[in-house]
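Student: Could you look at this predicted model? Sequence included:
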There are 2 protein chains.
Amino acid sequence: MSLVLYGFPLSANTHRVRLLLSMLSIPYEERTVNLMTGEHHQPAFLALNPLAQVPVLVDGDRTLFDSQAILVYLAESRAAAQWWPGDAYERARVAQWLFVNANEINNGIGYARNHISFRIPGDPAIPLARAKAVLAVLDQRLSEHDWLELGRPTLADIACSTLVSVADEAGLDRGTWPAVQRWHQRLAALPGFVPMPRLKARQG
Amino acid sequence: MSLVLYGFPLSANTHRVRLLLSMLSIPYEERTVNLMTGEHHQPAFLALNPLAQVPVLVDGDRTLFDSQAILVYLAESRAAAQWWPGDAYERARVAQWLFVNANEINNGIGYARNHISFRIPGDPAIPLARAKAVLAVLDQRLSEHDWLELGRPTLADIACSTLVSVADEAGLDRGTWPAVQRWHQRLAALPGFVPMPRLKARQG
């Protein structure tokens, strides 16, 4: 069955799915949705996701939006219990961080990066304050634990890592959170890891 | 085993958990964390949730933060497959809306309500625009479906309902989204439903 990921090269939400697909060695085809020309607001894409956001995953006759929900789907449908455990409490502990990513990290680092690096209009002060607050929480946790939950890499680490790895594109000094940096180096050393595409590399 | 919910009366995030507990007829004790005096920033509470947010669920020796993760935990640990199905695709379809609630609804209706009704400093314009955008998506979907996914009430409806039901406290006219209103009436007719505490009722 063919697996198609609708995404955008510099989208952290898209990259989160790419990262898990790569780590699970799942073949897929990526189709670019041109956010610059507003393709995500066209009827053809809105039929896939009424929220007008990438990524969308199409797995045969199944369609899903939201990067975190797609991670959960891939891990469950491919029986990747290392990344998304079967036990209710362990699973919910991992899920906590998927929601932290969807809310605090996305609305912190993600929105600040949108304003600063993609020049989307808006005041970056509020997202920057949220970014710093959640990075401080992550840094404290990761100064005491190698991984966010369960003592091993899980969907929690995959989900939270993509925007954190480009926090400098949101105007933040990544050196402020050293435990977060070491955690990301551990993640980057795992088989199948692929780094977030960098804005500077594309501009340079 | 004792179940303790740390929450706050007017918190929509707390109420989301109360609503599922009531619908599942699960007995629990609620302990109020006084957000007005900053109790959520005190060490005793930060030990439960470093993000300094309600709700937190304590189930014996298990501790969880994030209302959506708690919903998932309760449904899985209490085998409530009606609300959170076992099939990977069905589950991910429900999960999509848990993330929409954590992100778009919370950062839209939730933040606008914080600024307007709780007088937390900040410009409500951006959250109000996000609130209207997601309410339009919900209204379109609910004009074609009785429930958000699977043709029956699930965690998706529980999660998205609490803030939507007090959208007027965010300065929004709920009549603008009639399909959302009818959906909420269907939810309110289910056994065990408990409505969000209203700010006006407490002030009046």
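Tutor: Nice, thanks for sending it over. Numbering: from 1, shown residues only, chains lettered A, B, ... in the order given.
Student: Would the longest helix along chain A count as contacting chain B?
Tutor: Longest helix in chain A, counting residues (DSSP state H): helix A:125-144. Yes. Shown here: helix A:125-144 in contact with chain B (CB under 8 Å from any CB of the partner chain) through A:126, A:134, A:137, A:140-141. Every residue, glycine included, has its C-beta placed from N, CA and C.
Student: got the angle between that helix and helix B:125-144?
Tutor: Taking axes from the mean of the first three to the mean of the last three CA atoms, to 10 degrees, one finds helix A:125-144 and helix B:125-144 inclined to each other by 80 degrees.
Student: which other helices and strands contact the helix or strand following helix A:125-144?
Tutor: Per DSSP states H and E, the first helix or strand lying C-terminal to helix A:125-144 is helix A:155-164. With contacts taken as 3 or more CB pairs under 8 Å, 6 or more residues apart in numbering or on different chains; DSSP states H and E, helix A:155-164 sits against helix A:12-23, helix A:67-77, helix A:88-100, helix A:125-144, helix A:178-188.
Student: How about the last one and chain B, touching?
Tutor: This points to helix A:178-188. No. Using CB under 8 Å from any CB, helix A:178-188 never reaches chain B; the gap is at least 13.2 Å.
Student: Now do the same for residue A:202: its pLDDT.
Tutor: In this model, residue A:202 is scored at 48, pLDDT.
Student: Give me the contact list for the helix or strand that contains residue A:112.
Tutor: Here residue A:112, judged by DSSP H and E, is contained in helix A:111-117. Identification of contacts with helix A:111-117 by CB atoms under 8 Å, 6 or more residues apart in numbering or on different chains yields A:12, A:120-124, A:127-128, A:130-131, A:163, A:166, A:169-172, A:199.
Student: if we go to 6 Å?
Tutor: By CB atoms under 6 Å, 6 or more residues apart in numbering or on different chains, the residues outside helix A:111-117 that reach it are A:120, A:122, A:124, A:127-128, A:131, A:169-171, A:199.
Student: Derive a PyMOL selection command for the buried subset of those residues.
Tutor: Filtering the contacts of helix A:111-117 down to the buried ones (16 or more other CB atoms under 10 Å in any protein chain shown) takes a single PyMOL command:
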select buried, chain A and resi 124+127+128+131+169+170+171
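Student: I'd like the contacts of helix A:111-117 laid out as a markdown table, including pLDDT.
Tutor: Below are these laid out as a markdown table (pLDDT from 0 to 100):
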| residue | pLDDT |
| --- | --- |
| A:120 | 89 |
| A:122 | 84 |
| A:124 | 91 |
| A:127 | 95 |
| A:128 | 97 |
| A:131 | 98 |
| A:169 | 97 |
| A:170 | 97 |
| A:171 | 96 |
| A:199 | 87 |
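Student: Quick check: buried residues in stretch A:9-16?
Tutor: Buried-residue list, stretch A:9-16, by 16+ other CB under 10 Å: A:10-16.
Student: and which of the residues you listed is nearest to chain B?
Tutor: The shortest approach to chain B among the buried residues of stretch A:9-16 belongs to residue A:13, at 10.4 Å (CB to the nearest CB).
Student: Surely the closest one touches residue A:67?
Tutor: Yes. Using CB atoms under 6 Å, residue A:13 is in contact with residue A:67, at 4.3 Å.
Student: hey, what's in contact with both of those two?
Tutor: In contact with both residue A:13 and residue A:67: residue A:55, using CB under 6 Å, 6+ apart.
Student: Most remote residue from the middle of chain A, which is it?
Tutor: Going by CA atoms, centre = their mean, the residue of chain A most distant from its centre is residue A:43, 25.4 Å out.
Student: Compute the distance between the residue nearest to residue A:7 when sequence neighbours are not counted and residue A:67, please.
Tutor: Nearest residue to residue A:7, sequence neighbours excluded (CB to CB, 6 or more residues apart in numbering or on different chains): residue A:14, at 3.1 Å. Residue A:14 sits 7 Å away from residue A:67, going by CB to CB, to the nearest Å.
Student: okay, and the common contacts of those two?
Tutor: Taking CB under 6 Å, 6+ apart as the contact rule, the neighbours common to residue A:14 and residue A:67 are residue A:55.
Student: ok, back up a step: now flag whichever of the contacts of helix A:111-117 is closest to chain B.
Tutor: For the contacts of helix A:111-117, the nearest to chain B is residue A:122 (6.8 Å; CB to the nearest CB).
Student: which residue packs closest to that closest one, ignoring adjacent ones?
Tutor: Nearest-residue entry for residue A:122: residue A:115, 5.0 Å, with adjacent residues in sequence omitted and distances by CB to CB, 6+ apart.
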